[in-house]
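[1] quick check, what structure comes out for this input:
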Amino acid sequence: MPGVFYQPMSRRRFVRRSAEAFATAALASQTRLFPRAAEPAASGKSIHLALLSDTHIPADRKGGEHRKFLPWENLKAVVPQVIQARPEGVILNGDAARLTGELGDYQELKYLLGPLAAVAPIYIGLGNHDHRENFAKIFYQHPGERQEVKDKHVLIMEWPAVRLILLDSLLYVDRVAGLLGKVQREWLAQYLEKSDQRATVLFVHHTLGDADGDLLDTERLFRLVRPHKQVKAIFYGHSHKYAFAEEAGIQLVNLPAVGYNFEDAEPVGWVDARFTAEGADLTLKAFGGNQSGDGKTTSVAWKR
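    As a prediction, this is how the structure comes out:
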C-alpha cells in the first residue's frame, strides 16, 4: 500500500522532535533552517525529490544487522542529509520494514521519518518485506491521489513537468517475488489511455527481470506501457543495487538500498533527483558500501 506521510509542525515543535530523535546539536541546527515544507517549483520546469529504497527498519534499534550494517542507524544518518537537500517530496520505494512488516518496525520507521515529514511529504510504497495491514495501522493518514484498485493500493503524484505513479507489487510477505496482478495492470492501461501526454514515471519495488524473485508480470508490464509514449521511465529497488538500463526507449533505474547492500561493489545510500519534462538528473548520495560514485550525477533523457 503506497502511502503519504506528511506532518507539518511548528518550528518550536519541529526542533524539539529533531533533538529527541537524534540527540545531536548538528541535526537540530540543520532542521532549524527548514521550519516548513518546501514550496513546489514555481516555474513548473522541474521537481526536486529524494529517492530512498529498502530501508529495512527493525523494531529493535540495535537489531537487523546485515553485513555489519545497522538499518536503523543508517536511516537515522540519512534523514538529516535529506533535510539538508531540501527536496519537495520523498519517495521510499518499498521494503520499509526489516523482514515481516511488524507493527514495531513501522513505529520505528515513523519515529525516524518524523523530522523529515515535517518539511516534505513522504510517499511510501510496500515491498516483499512489508505487511499491508500493519503498515496501515501506523501510517493511517493518506492524503494524495489514491486510486481504487481492488486488493492493491496505487498512488499518483502530479506536477506540471512530470507525473509519478507508485504501483503496488507486494504479493506475499517475506517471500521474494512480486506481482502487479491483472486488476492493477488493467487499471494502469485504462489510466494511461485517458491521461495527458505529460512525462510519466512509474515506481515499483520489484526488479524487472524474469527470475523467480523478480516482478512476475514484468513482460506484461512492458507490453502494457510500450504503446504509451508518455511513460518515460520505471524506477525500482529490491536488488540493493544502483544500476541503469533501457527497455524499448523506457529508462530503467535500480535504486540503491539505504539499509545494506548484498555485495561490496554496491553503494549504500539514496538518490537526490531532479525531474523535468525532458529527463532526470540523479545524484548518488552514498554513505556506505562502495562510495566511489558518491556525488556523481547521472542524467537520463526521456525518449520522445
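[2] just the helices in the stretch 201-304 of the chain please.
    218-225 (DSSP state H, counting those that start in this stretch).
[3] where does pLDDT dip in it?
    Residues of the stretch 201-304 of the chain meeting the criterion pLDDT under 70: none.
[4] quick one, strands of it?
    Along the stretch 201-304 of the chain, the segments classed as strands by DSSP state E, counting those that start in this stretch run 231-236, 243-247, 250-254, 267-276, 279-289, 297-301.
[5] host element of the residue nearest to the spatial centre of the chain?
    For the chain, the residue nearest the mean C-alpha position is Leu92 (2.5 Å; Cα atoms, centre = their mean). Per DSSP states H and E, Leu92 falls inside strand 89-93.
[6] mind checking the SS state of Gly104?
    Following DSSP: H, G, I helix; E, B strand; the rest coil, Gly104 is assigned to helix.
[7] oops, could you answer that again for Trp72 instead?
    Classified using three-state DSSP, Trp72 is helix.
[8] give me the element the closest residue to it other than its chain neighbours is part of.
    Spatially, and ignoring its direct neighbours in sequence, Trp72 is nearest to Arg61 (4.7 Å; Cβ to Cβ, 6 or more residues apart in numbering). Where you see a C-beta, it was placed from the backbone N, CA and C, and this is true even at glycine. If you go by DSSP H and E, Arg61 is not part of any helix or strand.
[9] that older thread, rebuild the strands of the stretch 201-304 of the chain as JSON lines, extending it with distance to Leu170.
    Shown next, in JSON lines, are the strands of the stretch 201-304 of the chain (distance: least, Cβ to Cβ, whole Å):
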{"stretch": "strand 231-236", "distance to Leu170": "13"}
{"stretch": "strand 243-247", "distance to Leu170": "22"}
{"stretch": "strand 250-254", "distance to Leu170": "18"}
{"stretch": "strand 267-276", "distance to Leu170": "21"}
{"stretch": "strand 279-289", "distance to Leu170": "25"}
{"stretch": "strand 297-301", "distance to Leu170": "27"}
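[10] among these, which comes closest to Leu126?
    strand 231-236 (13.1 Å; Cβ to Cβ).
[11] just checking, what packs against that closest one?
    strand 199-203, helix 218-225, strand 250-254 (3 or more Cβ pairs under 8 Å, 6 or more residues apart in numbering; DSSP states H and E).
[12] redo these as JSON lines? Include distance to Phe244 and mean neighbour count.
    Listed next are these as JSON lines, based on distance: least, Cβ to Cβ, whole Å; neighbours: other Cβ atoms under 10 Å:
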{"stretch": "strand 199-203", "distance to Phe244": "14", "mean neighbour count": "23"}
{"stretch": "helix 218-225", "distance to Phe244": "17", "mean neighbour count": "17"}
{"stretch": "strand 250-254", "distance to Phe244": "6", "mean neighbour count": "20"}
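[13] closest to Ser292 out of these?
    That would be strand 250-254 among those, by Cβ to Cβ, at 17.0 Å.
[14] the closest one pairs with which strands, parallel or anti?
    Sheet partners assigned to strand 250-254 using DSSP bridges are listed as strand 231-236 (parallel), strand 243-247 (antiparallel).
[15] and it, C-alpha only, in PDB?
    What follows is strand 250-254, C-alpha atoms only, in PDB (Å, rounded to 0.1, in the frame of the first residue of the first chain):
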ATOM      1  CA  ILE A 250      12.000   3.400 -21.400                       C
ATOM      2  CA  GLN A 251      14.700   4.300 -18.900                       C
ATOM      3  CA  LEU A 252      15.100   1.700 -16.100                       C
ATOM      4  CA  VAL A 253      16.700   2.900 -12.800                       C
ATOM      5  CA  ASN A 254      17.500   0.500 -10.000                       C
END
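[16] and that strand, how far out from the chain's middle?
    Offset of strand 250-254 from its chain centre (Cα atoms, centre = their mean, to the nearest Å): 14 Å.
[17] stretch 154-174 now?
    Its chain's C-alpha centre and that of stretch 154-174 lie 9 Å apart, by Cα atoms, centre = their mean.
[18] show me what counts as buried in it.
    154-159, 161-171, 173 (16 or more other Cβ atoms under 10 Å).
[19] rewinding a little: now the residue nearest to Trp72: how far from Ile122?
    20 Å (Cβ to Cβ, to the nearest Å).
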